[in-house]
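Q: Below are the sequence and a predicted model; questions follow.
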Amino acid sequence: MNEWAVAALALLAGLVPCGVVCLRGGPVDRLVGLELAGTVDTLVLLVLAQAYDRSIYFDLALALALLSFAGGLVFARFLERWI
Amino acid sequence: MSARDLAVAVLLVLGVGVTLLSCAGVLVMRNPYDRLHYTGPAAVLAPVAIAAAVVLEERLSAAGIKAVLVAIVLVTTNPVLGHATARAARIRQFGEWTVREEEREGDRP
Amino acid sequence: MARRVGFWIAWYVPLLALWLAFVDTFNPEEVALGLVAAAIAATAAEVVRSQELVRFRMDPRWLRDVPQLPRQVLRDCWLLTVALWRHCTGRPVRGVFRVVPFPGEADDASSAGRRALVTALVSVAPNTVVVGVEGAGGEMLIHQLVPEPGSPVPPSMLEERNE
């Protein structure tokens, strides 16, 4: 287990507070929790790419970063007006 | 442990530490505006630190370039997302986001 | 027409470079695929841009204070760390809405570009989030977790673009 794998494990622990916030609180609080979870997952993929020496994970991280952004904007728009 | 390995370890610790601090902040703060601020360090400082660690290990190979690209995407999209979320929260709270009279007179929570 | 070709090329070259960076090879098949994919994407981008759904015009002088951003980010991260510590040790922290001046001007491409850029730049540092800019009223509504005196707007952003 190299230092990158340890870092990935530590980052994964950060998903627990994000999950708690997503389960409790108002709609916008949950959106904030979701956005942070997306960021944490992107960083986990970045670190795992180095841990397992799999360059494809970098592409996954980039795709996740872009899609999280787009998804967050869509949710924010919906929360403004319709939900 | 070489100087480079030490630098990589320090950057990893910084990136992970900042991210965990952000997660703790989002958990303990009490309203969505305050929680929103804590998404900043995880999306701005942590990706830069982790991408720097990757570049130190891999130099500017494909892996290094991709890590830098991911960091750039996170750093540039987080402010926009934060703005959109704050605006949505404000519109839900007050019906519109515009400045209220009492806010012109002084800082208001 | 020359303008459209110029924008198309401005999209095409970075997209092709991005493709080659991702596939990490100069294999002829991959290069050919990249040439085609970048052409499709550049065409799509130019078609959207030419409809002028949003119009932005930027002034490079507005970016003069960008080198200050990393220091501001580090400083704000420290402020948030201290705020979190305070919050957890029985001294609750609560952010505030603030109104700061931001000179308003006409509703044109340059003003729109300036409002968009200032929103993005001011929101990078974690302690401040821009909620909105009232162009007509000359005001910017921000939320700060740790209230700080003065305006977070970079001085270079207060200059209007010379037409």
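A: That came in fine, so what should we check first? On a predicted model such as this, the values are computed, not experimentally measured, just so you know.
Q: Quick one, grab the pLDDT at residue 24.
A: I'll assume chain A. We have a pLDDT of 92 for A:R24.
Q: switch to chain B, that's the one I care about
A: So B:A24 comes in at 97 (pLDDT).
Q: Quick one: residues contacting it.
A: Counting by CB atoms under 8 Å, 6 or more residues apart in numbering or on different chains, B:A24 touches A:17, B:38, C:84. All C-beta spots, glycine's among them, are computed from the backbone N, C-alpha and C.
Q: I figured C:A37 hits C:F22, correct?
A: No - if you go by CB atoms under 8 Å, C:A37 and C:F22 don't touch, sitting 10.6 Å apart.
Q: neighbour-wise, which of these two wins?
A: More neighbours surround C:F22 than the other of C:A37 and C:F22, with 18 against 14 (other CB atoms under 10 Å in any protein chain shown).
Q: Phi, psi for the more buried one please.
A: For C:F22, the backbone dihedrals (degrees, to the nearest 10) come out as phi -70, psi -40.
Q: from what I can see it touches A:I56, true?
A: No - using CB under 8 Å as the test, C:F22 is too far from A:I56 to be in contact (10.4 Å).
Q: Check which helices and strands the helix or strand where B:I72 lies sits against.
A: Per DSSP states H and E: B:I72 is located in helix B:62-94. Applying 3 or more CB pairs under 8 Å, 6 or more residues apart in numbering or on different chains; DSSP states H and E, we find helix B:62-94 packed against helix A:27-51, helix A:56-81, helix B:32-37, helix B:39-58, helix C:2-23, helix C:109-124, strand C:128-134.
Q: What lies in contact with the helix or strand hosting C:V99?
A: Counting by DSSP H and E, the element that carries C:V99 is strand C:96-101. If you take CB under 8 Å, 6+ apart as the criterion, strand C:96-101 is touched by B:99, B:103-104, B:107-109, C:131, C:138-144, C:147, C:151-153.
Q: Quick check: the gap between the nearest residue in space to A:V40 that is not next to it in sequence and B:A46.
A: Nearest non-adjacent residue to A:V40, counting by CB to CB, 6 or more residues apart in numbering or on different chains: A:G14, 4.9 Å away. As judged by CB to CB, to the nearest Å, A:G14 and B:A46 stand 10 Å apart.
Q: Between these two, point out the one with more neighbours.
A: Between A:G14 and B:A46, counted using other CB under 10 Å, the more crowded position is B:A46 (30 against 27).
Q: Surely that one touches A:L46?
A: No - when contacts are counted by CB under 8 Å, B:A46 is not listed as touching A:L46 (9.7 Å).
Q: For chain C, what's the nearest residue on chain A?
A: For chain A, the residue closest to chain C is A:D59, as judged by CB to the nearest CB, at 6.7 Å.
Q: That residue - how many residues pack around it?
A: A:D59, neighbours per other CB under 10 Å, totals 16.
Q: ok, now which ones touch it?
A: Residues near A:D59 by CB under 8 Å, 6+ apart: B:66, C:22.
Q: and for A:G14 and B:A46, which residues touch both?
A: What both A:G14 and B:A46 touch, as defined by CB under 8 Å, 6+ apart, is the set B:19, B:22.
Q: what does the model give B:S61 for pLDDT?
A: So B:S61 comes in at 86 (pLDDT).
Q: picking that back up, in PyMOL, select just the buried ones from the contacts of strand C:96-101.
A: To isolate the buried ones among the contacts of strand C:96-101 in PyMOL, judged by 16 or more other CB atoms under 10 Å in any protein chain shown, type:
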select buried, (chain B and resi 99+103) or (chain C and resi 131+139+140+141+142+143+144+151+152+153)
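Q: what's the pLDDT at B:R104?
A: Value listed for B:R104 in the pLDDT field: 78.
Q: Now go through the contacts of strand C:96-101 and say which are in strands.
A: Counting by DSSP state E, the contacts of strand C:96-101 place C:131, C:139-144 in strands.
Q: By pLDDT, give me the weakest of the residues you listed.
A: Lowest pLDDT among the ones in strands among the contacts of strand C:96-101: C:E139, 88.
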